[in-house]
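Visitor: Attaching a predicted model along with its sequence, questions to come.
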Amino acid sequence: MTDNRRVADKRSPGARLLALVLHPVTPPLWLGIVVAAACIAVEGALALYLGHTVPGSTFGVVFLFGVLVVSAGWGFTLAAVISVISALVYYYVHRSDGGGLIPILVFLPMALLASTLAGQARLRTAEA
């Protein structure tokens with residue numbers, strides 16, 4: 001046990017963070033739902049704040065953070081659900097600025113593609 005702690009202490013901070021995200025057992029689904037809800041709430045609040053301080057609504061990338069976190073930890077299914085919910089929240093934030101559907105129609109496929117790629121990266125890294 002002591003030897004494992006010494007080995008863990010010798011790893012870089014990036015390696016320790018990667019080990020937290022990429023583990024052989026998927027965390028419980030309820031935890032993924034809590035993380036997804038927290039990400040969407042923070043992202044929505046941040047996008048609303050940025051929308052009031054900076055002109056324009058180019059904050060779709062803010063919503064990709066939660067999609068990537070969830071897809072890295074819990075896989076594609078939950079990431080697809082958070083992608084759709086994030087797109088709806090993004091539409092709500094974007095609609096309040098008088099925006100149309102085009103940014104949302106661009107965001108949703110990009111979020112699904114990003115979650116697919118993050119899931120593949122997770123699987124390949126775990127295999128390695």
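Guide: Arrived safely. Note that the coordinates shown come from a computational prediction; the quantities given were computed from them, not determined experimentally.

Visitor: Roughly how far does Trp74 sit from Gly51?
Guide: For Trp74, the distance to Gly51 equals 29 Å [CB to CB, to the nearest Å]. No exception for glycine: its C-beta is placed from N, CA and C like everyone else's.

Visitor: which of these two has more neighbours?
Guide: Taking other CB atoms under 10 Å, Trp74 and Gly51 do not tie; Trp74 has more neighbours (23 against 18).

Visitor: which residues does that one contact?
Guide: 26-27, 29, 32, 35 (CB atoms under 8 Å, 6 or more residues apart in numbering).

Visitor: same thing but 10 Å
Guide: 26-29, 31-33, 35-36, 81-82, 119, 122 (CB atoms under 10 Å, 6 or more residues apart in numbering).

Visitor: Quick check: it vs Ala80, distance?
Guide: On the measure of CB to CB, Trp74 and Ala80 end up 11 Å apart.

Visitor: Type out the PyMOL command that picks the buried ones from the contacts of Trp74.
Guide: Entered in PyMOL, the line below selects the buried ones among the contacts of Trp74, by 16 or more other CB atoms under 10 Å:
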select buried, resi 32+35+36+81+82+119+122
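
Visitor: mind putting the contacts of Trp74 in TSV, pLDDT included?
Guide: As requested, the contacts of Trp74 are exported to TSV (pLDDT from 0 to 100):
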residue	pLDDT
Thr26	77
Pro27	82
Pro28	88
Leu29	89
Leu31	91
Gly32	90
Ile33	93
Val35	92
Ala36	92
Val81	91
Ile82	91
Gly119	76
Arg122	74
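
Visitor: Relative to Leu64, which of the contacts of Trp74 is nearest.
Guide: Using CB to CB, Ile82 comes nearest to Leu64 of the contacts of Trp74, at 10.3 Å.

Visitor: Of the contacts of Trp74, which is the nearest to Val106?
Guide: Nearest member of those to Val106, counting by CB to CB, is Ile82, at 17.4 Å.
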